[in-house]
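Task: produce atomic coordinates for the following.
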Amino acid sequence: MPVRQYVSFVLSGPSTSAAQMAAFLDLAPDESAGPPGGATHRWTAVCREPGLTVDEQIARILERLWPHAARIAELAGRLRTEGGGAALQVVRYFGGPGAGAGPSLFGWALDPEVLRFLLDTGADLDVDEYDLAAGRGSAAR
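Here you go, the predicted structure:
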């Protein structure tokens, strides 16, 4: 079954804008979002490179973020007090269009360095998996 997936590290909160987060971290996001129309500001580092395993995508993101871990931890703590926080998100789509054949992308693991980053920054791990085979479109979390 073909797999399409991406990994992102997200800082979010209702009051602190993505621009303020970027300035505090001295690190521009790959993607950002925020009001108007939405309730939450989001600063996001993302890896959508096809053909990489989840482990490899996480490694690409953390390679960029480790030098900023102390500031990320400080910011994540502030964001939690306003109802936000930090999360490493893994999103996977099984079957369906756009999930082309290629190397096996099944299975993944978090090594001690990744676990240390999550603990040091106070980030959650959020994994979403979607079954798109035969139009089912259901999600498992």
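
On the three-state scheme, Phe117 is what?
helix (DSSP: H, G, I helix; E, B strand; the rest coil).

can you map out the helices along this protein?
Secondary structure of the chain, counting by DSSP state H: helices at 18-25, 54-65, 69-81, 112-121.

my read: Ile72 touches Phe24, true?
No. Counting by CB atoms under 8 Å, Ile72 stays clear of Phe24, with 9.4 Å between them. In short, each C-beta sits where N, CA and C put it, glycine included.

Which of those two has more residues huddled nearby?
Using other CB atoms under 10 Å, the more surrounded residue of Ile72 and Phe24 is Ile72, with 26 against 17.

wait, Met21 sits on Thr40?
No. Using CB under 8 Å as the test, Met21 is too far from Thr40 to be in contact (11.8 Å).

More neighbours: which of the two?
For Met21 versus Thr40, the count of surrounding residues by other CB under 10 Å is larger for Met21: 27 against 16.

And Glu129, how far from Arg4?
Using CB to CB, to the nearest Å, Glu129 is found at 11 Å from Arg4.

typo on my end, it should be Gly122
From Gly122 over to Arg4 (counting by CB to CB), the distance is 29 Å.

Of these two, which one has the most company?
For Gly122 versus Arg4, neighbours defined as other CB under 10 Å are more numerous around Arg4 (20 against 16).

Check Gly98 and give its pLDDT.
Per-residue pLDDT puts Gly98 at 54.
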